[in-house]
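Engineer: task: produce atomic coordinates for the following.
(chains A and B)
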There are 2 protein chains.
Amino acid sequence: MTALAEALDSLKYNADGLIPAIAQQYDSNEVLMMAWMNRASIEETLQTGRVCYWSRSRNKFWRKGESSGQVQALKEFRYDCDADTILLLVDQLGPACHTGRRSCFYNKVKGDQVIIDREVLIDPKTLYA
Amino acid sequence: MTALAEALDSLKYNADGLIPAIAQQYDSNEVLMMAWMNRASIEETLQTGRVCYWSRSRNKFWRKGESSGQVQALKEFRYDCDADTILLLVDQLGPACHTGRRSCFYNKVKGDQVIIDREVLIDPKTLYA
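Structural biologist: Predicted coordinates for the structure are as follows:
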């Protein structure tokens, strides 16, 4: 068994066999999204170089961009000190968010309000047409 | 009720009342760590401007830096499209990681190996002395 296989075994998956993964644009360092992976989606991601999550709502592999075309190419695969969170450095084509925004983190607290300060790059109707 | 209070109510806490929070250094955009918050720790964070998580292992508030001195000042509070992940833009004093490294994400996959490519800034023995 390789050191990598041992490391992937030692990741702390939750009761559903999942581990959170943060996707960050590798050059701008913008945090794009957070989603979940299982052991199989991690292996596929490392093998193909294209990010594959596990969709908790659809209960199946979620190959990022398979319906929208907005794929994530893997640049670096990292995990943290407790081995319970993954950080994916990616090259995101177009919007990462299903709303058509570059990043999913477009809601910002401002005083007693919440504002949206990220623009829609592609209309979701176009994105999933 | 303010728009903010409504928004905090509408966040998707898990069965334990927790929601994952990514901490990112506000100027360099480095991702420092991922931890968990509950509604009360979110409110404290927004009120005090110092980041307070919920420690799942100790089952109590985790005021970042209370034992190490390495506090996180809150710069921006964001959450994502699904309202199930928080992104904290912070100003991290010194190392964010309990190993004394700036970021917790120091394990990097390189071929079939895992390497550590972040240096220890402060010896943990000093950090928690």
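Engineer: just confirm A:Thr45 is within a helix.
Structural biologist: Yes. Per DSSP: H, G, I helix; E, B strand; the rest coil, A:Thr45 lies within a helix segment.
Engineer: what are the buried residues along stretch A:74-90?
Structural biologist: Within stretch A:74-90, the residues scored as buried using 16 or more other CB atoms under 10 Å in any protein chain shown are A:74, A:77-81, A:84-90. From N, CA and C alone the C-beta is placed, and that goes for glycine too.
Engineer: which bits of chain A sit near chain B?
Structural biologist: Counting by CB under 8 Å from any CB of the partner chain, chain A comes close to chain B at A:2-5, A:7, A:20, A:22, A:24, A:28-31, A:33-34, A:46, A:76-83, A:85, A:87, A:97-99, A:101, A:104-109, A:111-114.
Engineer: got a ChimeraX select line for the buried ones in those?
Structural biologist: Those of the residues of chain A next to chain B that count as buried under 16+ other CB under 10 Å are selected in ChimeraX with:
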select /A:4,7,20,22,24,30,31,33,34,46,77,78,79,80,81,85,87,97,98,99,101,104,105,106,107,108,109,114
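Engineer: mind listing which of the residues of chain A next to chain B are in strands?
Structural biologist: The strands, defined by DSSP state E, take in A:20, A:22, A:24, A:31, A:33-34, A:76-79, A:87, A:107-109, A:113-114 from the residues of chain A next to chain B.
Engineer: secondary structure element for A:Asp9, which one?
Structural biologist: Using DSSP states H and E, A:Asp9 maps to helix A:3-10.
Engineer: excluding its backbone neighbours, what's nearest the residue in chain A that chain B sits nearest to?
Structural biologist: Nearest residue of chain A to chain B, counting by CB to the nearest CB: A:Asn29, 3.4 Å away. Setting aside the residues directly before and after it, A:Asn29 is nearest to B:Asn29 in space (CB to CB, 6 or more residues apart in numbering or on different chains), at 3.4 Å.
Engineer: okay, the one you found: pLDDT?
Structural biologist: B:Asn29 is assigned 98 on the pLDDT scale.
Engineer: can you pull the contacts of it?
Structural biologist: Going by CB atoms under 8 Å, 6 or more residues apart in numbering or on different chains, B:Asn29 touches A:28-31.
Engineer: show me where pLDDT drops low in chain A?
Structural biologist: For chain A, applying pLDDT under 70 flags no range at all.
Engineer: distance from the chain centre to stretch A:113-121, please.
Structural biologist: Centroid separation for stretch A:113-121 versus its chain: 20 Å, with CA atoms, centre = their mean, to the nearest Å.
Engineer: wait, stretch A:8-20
Structural biologist: Offset of stretch A:8-20 from its chain centre (CA atoms, centre = their mean): 15 Å.
Engineer: got the contact list for it?
Structural biologist: Contacts with stretch A:8-20, where a contact means CB under 8 Å, 6+ apart, come from A:34-39, A:42-43, A:54, A:56, A:79, A:82-86, B:20, B:34.
Engineer: again, but for stretch A:83-93
Structural biologist: With contact meaning CB under 8 Å, 6+ apart, stretch A:83-93 is reached by A:7, A:10-12, A:19-27, A:32, A:37, A:42, A:45, A:51, A:65, A:69-80, A:102, B:31, B:34, B:104-105, B:107.
Engineer: go again using 6 Å as the cut-off
Structural biologist: The contact list for stretch A:83-93 (CB atoms under 6 Å, 6 or more residues apart in numbering or on different chains) reads A:10-12, A:19-26, A:32, A:51, A:70-73, A:75-76, A:78-79, B:31, B:34, B:105.
Engineer: residues touching the residue nearest to the spatial centre of chain A, list them.
Structural biologist: Nearest to the mean C-alpha position of chain A, counting by CA atoms, centre = their mean, stands A:Ala23 at 4.3 Å. Contacts here follow CB under 6 Å, 6+ apart; on that basis A:Ala23 touches A:32-33, A:88, A:90.
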